[in-house]
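Participant: Next come a sequence and a model predicted from it.
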Amino acid sequence: MTRPELVLYETEGGVCTLTLNHPERHNAWNLAMEEQYFALLDRADSEPDVKAIVVTGTGRAFCPGMDSVRLTAAAESGQLAVGNRRPQTYPLSIRKPMIAAINGACAGIGLMQALACDVRFAARGARFSTAYARRGLPAEYGSSWLLPRLIGVERALDLLLSARTFTAEEAHEMGLVSRLCPPDDVLGAARSYAADLAAHCAPRSMAAIRRQVYGDLSRGFSESMVHTLATMQEFAGNEDFAEGVASFVEKRPPKFAPLGPTFGVIGDRGY
């Protein structure tokens, strides 16, 4: 029996697009989708021709959260499937920039996946919710760690405690998404942004910057400066710097080297 393709993989011009593809359930999350999504993130991370990653959903939904079939089974059994899974913050360990093209409903675990992207484009009118408190659950999957760092403690608590529905426009006002687009344009706008990164920014620089920013969320200032100096030393004599200067002076597109298989990887995909 052929395994359903719950996440689609497409590359063009240095950009990989991952599309959550469960339209009959509005792209609701399940464990098979999770396994495919993380496996395809690993694939995109390892392919030298991929410089940036866009994440979106099929149709008019991004991901409205865990599939209700799974939720019902968990409620009846009294067991949440949290063991033997990679954390929902796993995308933060990917070395390439990730851009969310939020084309519609985005809630619960789907919202967490959007938050694990670096830049978020949202379709006007798209609806968001943390959802957890209205399902009798705590803040899950690292949302209590990441949300306050993105939008501040009070706004994070508002969204988590109330689990209310809010629109892309409010998400933009509070800084949860950075770009608003007409629904038909959100994917194209996200891809154009990703293509600009792929064409003009050094993959090793972007991997290091991603590692610095997410690592510094848990570091004090002094520790951050030590880490920054170590990273600068790591880049000493880097040919990307010479190419970046030369391409700027010569007014031409840069030709940066792709990521090597181990650059920026520390331990088991952690930073």
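Facilitator: Structure's in. What do you need? Just so it is clear, the structure is predicted and the values come from calculations on it, not from any experiment. Numbering: from 1, shown residues only.

Participant: and residue 228, which of the three is it?
Facilitator: What DSSP: H, G, I helix; E, B strand; the rest coil gives for residue 228 is helix.

Participant: Helices of this structure, start to end?
Facilitator: Ranges of helices in the chain, per DSSP state H, are 31-46, 68-77, 109-115, 143-151, 153-162, 168-173, 186-200, 203-216, 221-234, 239-249.

Participant: Give me the helices and strands touching the longest one, please.
Facilitator: Judged by 3 or more Cβ pairs under 8 Å, 6 or more residues apart in numbering; DSSP states H and E, helix 31-46 is in contact with strand 7-12, strand 15-20. C-beta: built from backbone N, CA, C; applies to glycine.

Participant: in that helix, what counts as buried?
Facilitator: By 16 or more other Cβ atoms under 10 Å, the buried positions in helix 31-46 come out as 33-34, 36-38, 40-41, 44-45.

Participant: and what of the fourth one?
Facilitator: Within helix 143-151, the residues that count as buried by 16+ other Cβ under 10 Å are 143, 146-147, 151.

Participant: Dump those to TSV, plus pLDDT and distance to residue 126.
Facilitator: What follows is these, written out as TSV (pLDDT from 0 to 100; distance: Cβ to Cβ, whole Å):
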residue	pLDDT	distance to residue 126
143	92	18
146	92	19
147	95	18
151	96	17
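
Participant: that older thread, nearest to residue 189, of the buried residues of helix 31-46?
Facilitator: residue 44 (19.8 Å; Cβ to Cβ).

Participant: Nearest residue to the closest one in space, please, no chain neighbours.
Facilitator: Distances taken as Cβ to Cβ, 6 or more residues apart in numbering put residue 16 closest to residue 44, at 4.3 Å, once the chain neighbours are dropped.

Participant: Quick check: that neighbour touching residue 54?
Facilitator: Yes. The criterion here is Cβ atoms under 8 Å, and residue 16 meets it with residue 54 at 7.1 Å.

Participant: Check the contact lists of the two and give me the overlap.
Facilitator: Shared contacts of residue 16 and residue 54, defined by Cβ atoms under 8 Å, 6 or more residues apart in numbering, are absent.

Participant: Can you list the low-confidence ranges for the stretch 51-200 of the chain?
Facilitator: Residues of the stretch 51-200 of the chain that meet the criterion pLDDT under 70 lie in 68-83.
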